[in-house]
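J.: pasting the structure only:
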Ligand code: NAD
């Protein structure tokens, strides 16, 4: 099928290249001319493992093209995917202006009936609003919803080997077009769930809210664990082994961030309030997440209370590892709280320095290596679980530092290696360890046989 993809961001690029890999002819377009120019030159503007190589291959075999001319793209395609941003508006709701503009343009430019696939994450009811917007278009535009569940860092695998694909359409025709597009994945046995457009829209929001809820749940309990001497990691394993609960998205840390969870939970809260339903649980998810970031910063400040000119090495700026995406990254709130309290912050991230610089400016010192950021620091604050941080030689780290505190905001370090290097180990929701101390009652499985 000939497909146009509007938006060459994380979702548009990954969807575009994967649709090409499924055998379709794809033209991906963006309003950002510099972005398109660099894509045409073979330079991929975002960091996503495997993406550059795949784009190169699909461009070379002629199935993937990039452009800025929407009219040309719409005329050349039977189906148009919309993957533009739906960022948070000031009132907390989703700002749908980019989406509406793109959809409206498709309606105006369509030279024959088309299918419009909304890939962007949108509040329930958005498809209906778009349908009304396009009601006067010269040709019929079938509007369907096909939410994207990819995770940055594993985006290609998530698209090509999905847990499920959701088709949201209010007509058999719409479902038929989506089936045709995804037939190669259907043939491989991946699960397809067809439902109404509104249900598909809500399914995406519900999935993100559920994942954010689990993170906030364990984070709230981590604060209790910290105070009563329990170890939240043991608790996580203890509850995660229950097949009704499962272990994923139950890791305590500095709170969630990224371009999806914060804005999607906020948009749900906003929509429910507009309708007149008090979002008691959903509001709690946000409040817990906020407190988690601030509590982490406060613990660092307390440990450095007596230091004259405190200096913290911030390890990680991306909201998670394997991406350069810093949108709503917990690192920002933490850096801000530290700087406002007189701490000098030197930051390092393997991929996200340039994207973070646009947000933090000169508030923190950006370093090109982990060693440079750590030299002379009184404490290390790890906020992103990059493998590079986990595999460090902590004796070397201790030798670089002025102080002795390691704050593991992701509970990802081997505590014994940290304390054996003469350092204090501060995790989230776990007992604090002094230099030389090991963790009592190490986690293990007792074999009943
Ligand atoms: P992004 O900001 O990285 O990319 C959006 C792109 O759309 C930008 O390059 C922008 O220039 C372009 N654009 C905006 N208006 C345009 C127009 N009229 N014509 C052509 N291009 C236009 O956003 P993203 O992270 O890819 O997210 C896109 C959508 O997918 C959002 O709704 C998001 O919530 C959702 N989503 C994101 C992820 C993720 O992990 N990033 C995962 C699932 C769903």
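T.: Done, it's in. Given the structure is predicted, the values throughout are model-derived calculations rather than measurements.
J.: Please count neighbours and contacts with C-alpha atoms only from this point.
T.: Fine.
J.: Just read off the phi/psi values of the spatially most central residue of the chain.
T.: With distances taken as C-alpha atoms, centre = their mean, the residue of the chain nearest its centroid is residue 258 (4.0 Å). Geometry field for residue 258 lists phi and psi as phi 100, psi 180, criterion degrees, to the nearest 10.
J.: Which pLDDT value does the model give it?
T.: pLDDT, residue 258: 94.
J.: when you give positions from now on, start the count at 805
T.: Sure thing, new numbering starts at 805, so read that last one as residue 1062.
J.: That one: what's it in contact with?
T.: When contacts are counted by C-alpha atoms under 8 Å, 6 or more residues apart in numbering, residue 1062 is found next to 1123, 1124, 1129, 1130, 1131, 1132, 1133.
J.: Kindly report the residues of the stretch 805-954 of the chain close to the ligand.
T.: For the stretch 805-954 of the chain, the residues found near the ligand under the criterion C-alpha under 6 Å from any ligand atom are 810-816, 833-836, 887-890, 902, 905-906, 924-925, 952-954.
J.: if we go to 5 Å?
T.: Near the ligand, the residues belonging to the stretch 805-954 of the chain are 810-815, 834-836, 887-890, 902, 906, 924-925, 952 when assessed by C-alpha under 5 Å from any ligand atom.
J.: Can you give me the distance of the residue nearest to the centre of the chain to residue 840?
T.: When C-alpha to C-alpha, to the nearest Å is applied, the distance between residue 1062 and residue 840 equals 24 Å.
J.: And for residue 1033?
T.: Applying C-alpha to C-alpha to residue 1033 and residue 840 gives a distance of 54 Å.
J.: Of these two, which one has the most company?
T.: Neighbour comparison, residue 1033 and residue 840: the larger count goes to residue 840, with 22 against 12 (by other C-alpha atoms under 10 Å).
J.: Check which helices and strands the strand or helix carrying the more buried one sits against.
T.: Counting by DSSP states H and E, the element that carries residue 840 is helix 837-844. Using 3 or more C-alpha pairs under 8 Å, 6 or more residues apart in numbering; DSSP states H and E as the contact test, the elements touching helix 837-844 are strand 868-871.
J.: Try it again at 10 Å.
T.: Helix 837-844 makes packing contacts with strand 829-833, helix 855-864, strand 868-871 when contacts are defined by 3 or more C-alpha pairs under 10 Å, 6 or more residues apart in numbering; DSSP states H and E.
J.: can you give me how far it is from the chain middle?
T.: For helix 837-844, the gap between its own C-alpha mean and the chain's C-alpha mean amounts to 24 Å (C-alpha atoms, centre = their mean, to the nearest Å).
J.: for that helix, which positions count as buried?
T.: For helix 837-844, the neighbour count (16 or more other C-alpha atoms under 10 Å) marks 839, 840, 843 as buried.
J.: Now do it, average pLDDT.
T.: On average, helix 837-844 scores 96.
J.: and if you look at stretch 1170-1184?
T.: With pLDDT averaged residue by residue, stretch 1170-1184 scores 98.
J.: Now do it: distance from first to last residue.
T.: Across its full length, stretch 1170-1184 reaches 14 Å between end residues, using C-alpha to C-alpha.
J.: Sort out which residues of it are buried, please.
T.: Judged by neighbour count using 16+ other C-alpha under 10 Å, the buried positions of stretch 1170-1184 are 1170, 1171, 1174, 1176, 1177, 1178, 1179, 1180, 1181, 1182, 1183, 1184.
J.: top helix in this protein by residue count?
T.: The single longest helix within the chain, with elements called by DSSP state H, is helix 1001-1032.
J.: quick one on the thing from earlier: including distance to residue 991, could the buried residues of helix 837-844 go into JSON lines?
T.: JSON lines is the format used below for these (distance: C-alpha to C-alpha, whole Å):
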{"residue": "839", "distance to residue 991": "35"}
{"residue": "840", "distance to residue 991": "33"}
{"residue": "843", "distance to residue 991": "31"}
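J.: for these, which one is nearest the ligand?
T.: residue 839 (7.3 Å; C-alpha to the nearest ligand atom).
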